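Asker: pasting the structure only:
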């Protein structure tokens, strides 16, 4: 039994899905999807759940994360119901659902809220720099610590609890429901710990970890999409580039490093980040592919801020190498603003989280399938 | 040596010699009006004369159409121009239309031809037979099909090698390579547009592999395989001659589908597919027939019972539109679809796939009216100025419309609308 929310469709429209209610359930979208499989069939099943407002089933579903948006379903939909964009909107909705603070939902639905948050952070950065009398050395030193603490804080306070909530919605809650509805099947000879883990033995949690890291770093499932492999490759080197940039600036302290290897590595990975994101931004402007036709503010913020991060980091280090950063301190402040907005808004409450949720979705999917064997 | 155009006068001009145009012409003629019927192809009868049987009565289509067509062609008040193009029609005043018509040459003296087919036997050129929807070949000189009206040979001059073999064997000597197009100026008091429809071209949907996979055919090709005047006298795959035993129908192939360029229901595909399925069960009792559908729309009198009858006969109905058809090495086809009843993505193998192609408008009629604008609706069918109360009226006073020119219709509805158009035309003539 599931509770139906008749207003769900209206709610989902705020996340970008505007046409899905014209679906007449022919299944073309599922049949043309190259990632859809016998039992894990989508996107029509998700369109149906959205149409009926079955929130429980949607929040327990991993299917939105299993879609990598090639857009075949949307371009072949007889009713122009845009199932691809529905899946995208469900990912946004799920991100908001997993987020215990409720801020993700607020920012996805309201552009002004996002802009206000961005402006506040900008004011905070400038205010802090002013309080230090725009002392370049000091601000840069604190800026480096800020990065470390922001990462640890956001992960510990926001992302980790949200991942736990995702696990609760996807694994634990449905298993409890199964126990209530079919007591004989749910509780069969499983230990107390296994029950606490949603009916999945700890052993499976451990053995599936390999898959988790594989998917996290390669996103290889996206290779199954019918569209060209270029998108996957760009995405792949962007993920690697971004993670390496993070490592280089935070751990290797790129901006004050004297090590030639670290310096060159920083230049390389920041260049990768802004070159790839430049291509993504121009794709969204040209709207040449189905995937880039329906950009929402959250998509724009994500790619543009990533681009700005790459560019400003590259330039800051360049200015340091040319010894002109002190006289052009505004550049570092600009970089720090972008960084703070990225770390405090886009990472915890914006599109960044899809990196985590997609990887964990593959992990949870593996858990469920191994447990069912 | 272009002669002066020939002037002719009639009460009514009917554009299109299919079942709707023929019925409208017959009604007018039976009321004493002089009618000219213009047909662009070699034979009257339109699409109906090509069909196997009609739903839901399973009457033989040819056996109903041919008496009608011969009544039309023998009627003293009806003049028929086949193989003719109406190039323009102008309204110069009330009850005053002037049409320009070009009669293309058949290169055969129609009055003398006995349809003995000796020319066909002699002709060395073989090309695809458009009247059998490319399932078999024909000669460059040919009788269009066995129940064509008029049953007169014609030379396909584009493919003819001008060898003269037909000329030598023709007993009455009626082959005439000197024929030229003839121009006519036709005066009429009213006009009826009965230009019919075009079948959806499934090559627009690459994922259905039509034209690439050898054993994906259209429903019209299946009609020919099933018709009494069929090319093979049995049902087989024209690619390799195998008698199919697992046949699939893909419904809504080019209907109710924005992405295929036709958002509306074609109204006939569910029913003709059910009809073909029943006929196939009779012709191939051991074959499995599966229909993949979105909804079965059996709306007419006796239609739902006809559908239930197919279910009872063992035709499998699967709810789910086919997304992709891929050909296997042995010529069989794999169909990928979502089984809506279970929500599972499935693949199934069939040895013959029939695409139940939809109905598309003929955009030709709009262009031929020069002085007044014959308006079309948003889907490019002829617009009815008063669709509820006078469905046969167009946006030009004195021009009426019959049959599928206004939108998809089955045969009974086409004939009904021809009745409406001819009555409206008679009222107009008597105003």
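Answerer: Structure's in. What do you need? Here the structure is a predicted model, which means the values were calculated and not measured. Numbering: from 1, shown residues only, chains lettered A, B, ... in the order given.
Asker: care to break the chain down by domain?
Answerer: No chain was given, so I picked chain A. Split into domains by automatic domain parsing, chain A comes to A:8-98, A:104-372.
Asker: hmm, no, I was thinking of chain B.
Answerer: By the assignment in automatic domain parsing, chain B contains the domains B:8-104+B:181-196+B:362-429, B:118-169, B:201-359.
Asker: what about the closest residue to chain B within the stretch 51-200 of chain A, how many neighbours?
Answerer: Distance from chain B to each residue of the stretch 51-200 of chain A (C-beta to the nearest C-beta) is smallest for residue A:78, at 3.7 Å. C-beta here means a position set from N, CA and C on the backbone, and glycine is covered the same way. Taking other C-beta atoms under 10 Å in any protein chain shown as the criterion, the count of residues near residue A:78 is 22.
Asker: what do you get for the one 5 residues further on?
Answerer: For residue A:83, the tally of surrounding residues (other C-beta under 10 Å) stands at 29.
Asker: ok, residue A:367 next?
Answerer: Residue A:367: 24 neighbours (other C-beta under 10 Å).
Asker: in which helix or strand would I find it?
Answerer: When elements are defined using DSSP states H and E, residue A:367 is found to belong to helix A:354-372.
Asker: how far out from the middle of the chain is that helix?
Answerer: Relative to the mean C-alpha coordinate of its chain, helix A:354-372 is positioned 15 Å out (C-alpha atoms, centre = their mean, to the nearest Å).
Asker: and it, anywhere near chain B?
Answerer: No - among the residues of helix A:354-372, none lie within reach of chain B under C-beta under 8 Å from any C-beta of the partner chain; the closest is 15.7 Å away.
Asker: buried residues in that helix?
Answerer: Neighbour-count burial for helix A:354-372 flags A:354, A:356-368, A:370-371 (criterion: 16 or more other C-beta atoms under 10 Å in any protein chain shown).
Asker: and those residues, which is the shakiest by pLDDT?
Answerer: Scanning these for pLDDT, the smallest score is found at residue A:371, 80.
Asker: ok so, going back, can you pull the contacts of the residue of the stretch 51-200 of chain A closest to chain B?
Answerer: Contacts were defined as C-beta atoms under 8 Å, 6 or more residues apart in numbering or on different chains; by that measure residue A:78 touches A:24, A:26, A:28, B:252, B:256-260, B:321.
Asker: and it, what pLDDT?
Answerer: Residue A:78 carries a pLDDT score of 96 in this model.
Asker: could you tell me which residues of the stretch 151-300 of chain A lie near chain B?
Answerer: Near chain B, when you scan the stretch 151-300 of chain A using C-beta under 8 Å from any C-beta, you find nothing.
Asker: all the helices of the stretch 151-300 of chain A, in order from the start?
Answerer: Counting by DSSP state H, counting those that start in this stretch, one finds helices in the stretch 151-300 of chain A at the ranges A:160-167, A:173-181, A:183-186, A:192-196, A:202-207, A:209-218, A:229-250, A:260-286, A:297-321.
Asker: please name the bridge partners of the closest residue to the residue of the stretch 51-200 of chain A closest to chain B other than its chain neighbours.
Answerer: Excluding its sequence neighbours, the residue lying closest to residue A:78 (C-beta to C-beta, 6 or more residues apart in numbering or on different chains) is residue B:257, at 3.7 Å. Applying DSSP bridges to residue B:257 gives these bridge partners: residue B:262.
Asker: look up how far residue B:379 lies from residue B:257.
Answerer: With the distance defined as C-beta to C-beta, to the nearest Å, residue B:257 ends up 13 Å from residue B:379.
Asker: overlap in contacts, those two.
Answerer: Looking at what touches both residue B:257 and residue B:379 (by C-beta under 8 Å, 6+ apart), the common residues are residue B:263.
Asker: more neighbours, these two?
Answerer: Set side by side, residue B:257 and residue B:379 show unequal neighbour counts under other C-beta under 10 Å, the larger going to residue B:257 at 24 against 13.
Asker: just the pLDDT for that one.
Answerer: The per-residue pLDDT reported for residue B:257 equals 95.
Asker: so it makes contact with residue B:263?
Answerer: Yes - counting by C-beta atoms under 8 Å, residue B:257 sits close enough to residue B:263 to count as a contact (7.0 Å).
Asker: now the closest residue to chain B within chain A: closest residue in space, sequence neighbours ignored.
Answerer: Here chain A gets closest to chain B at one residue, residue A:31, 2.4 Å apart by C-beta to the nearest C-beta. Closest residue to residue A:31 in three dimensions, ignoring its sequence neighbours and counting by C-beta to C-beta, 6+ apart: residue B:323, at 2.4 Å.
Asker: any stretches of chain A with poor pLDDT?
Answerer: A:1, A:183-190, A:227 (pLDDT under 70).
Asker: one more time with 80, if that's ok
Answerer: Across chain A, residues meeting the criterion (pLDDT under 80) sit at A:1-2, A:179-192, A:226-228, A:288-292, A:372-373.
Asker: kindly report the residues of chain B close to chain A.
Answerer: When proximity is defined as C-beta under 8 Å from any C-beta, chain B approaches chain A at B:207, B:252, B:256-260, B:294-295, B:320-324, B:336-340, B:343-346.
Asker: let's see that with 6 Å instead.
Answerer: Among all residues of chain B, those adjacent to chain A (criterion: C-beta under 6 Å from any C-beta of the partner chain) are B:256-259, B:294, B:320-321, B:323, B:336-338, B:340, B:343-345.
Asker: which PyMOL command selects the buried ones in these?
Answerer: Remark: buried members of those, expressed as a PyMOL selection using 16+ other C-beta under 10 Å:
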select buried, chain B and resi 256+257+259+294+320+321+323+336+337+338+340+343+344+345
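Asker: and the furthest pair within the residues of chain B next to chain A?
Answerer: Largest separation among these by C-beta to C-beta: B:258 and B:344, giving 25.6 Å.
Asker: in its sheet, what does the helix or strand in which residue B:354 is found sit against?
Answerer: Element membership for residue B:354 (DSSP H and E) is strand B:352-357. Under the criterion DSSP bridges, strand B:352-357 sits next to strand B:216-218 (parallel), strand B:246-253 (parallel) in its sheet.
Asker: would you turn these into JSON lines with distance to residue B:162, mean neighbour count and mean pLDDT?
Answerer: Shown next, in JSON lines, are the strands paired with strand B:352-357 (distance: least, C-beta to C-beta, whole Å; neighbours: other C-beta atoms under 10 Å in any protein chain shown; pLDDT from 0 to 100):
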{"stretch": "strand B:216-218", "distance to residue B:162": "34", "mean neighbour count": "23", "mean pLDDT": "97"}
{"stretch": "strand B:246-253", "distance to residue B:162": "41", "mean neighbour count": "27", "mean pLDDT": "97"}
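Asker: what about residue A:44, how many neighbours?
Answerer: When neighbours are counted by other C-beta under 10 Å, residue A:44 registers 28.
Asker: for the nearest residue to it once chain neighbours are set aside, phi and psi?
Answerer: Taking C-beta to C-beta, 6+ apart as the measure, residue A:44 lies nearest to residue A:30, with 4.7 Å between them; neighbours along the chain are not counted. Backbone torsions for residue A:30, taken as degrees, to the nearest 10, come to phi -70, psi -40.
Asker: could you list which residues are in contact with residue A:30?
Answerer: With contacts defined as C-beta atoms under 6 Å, 6 or more residues apart in numbering or on different chains, residue A:30 is in contact with A:36, A:41, A:44, B:338, B:345.
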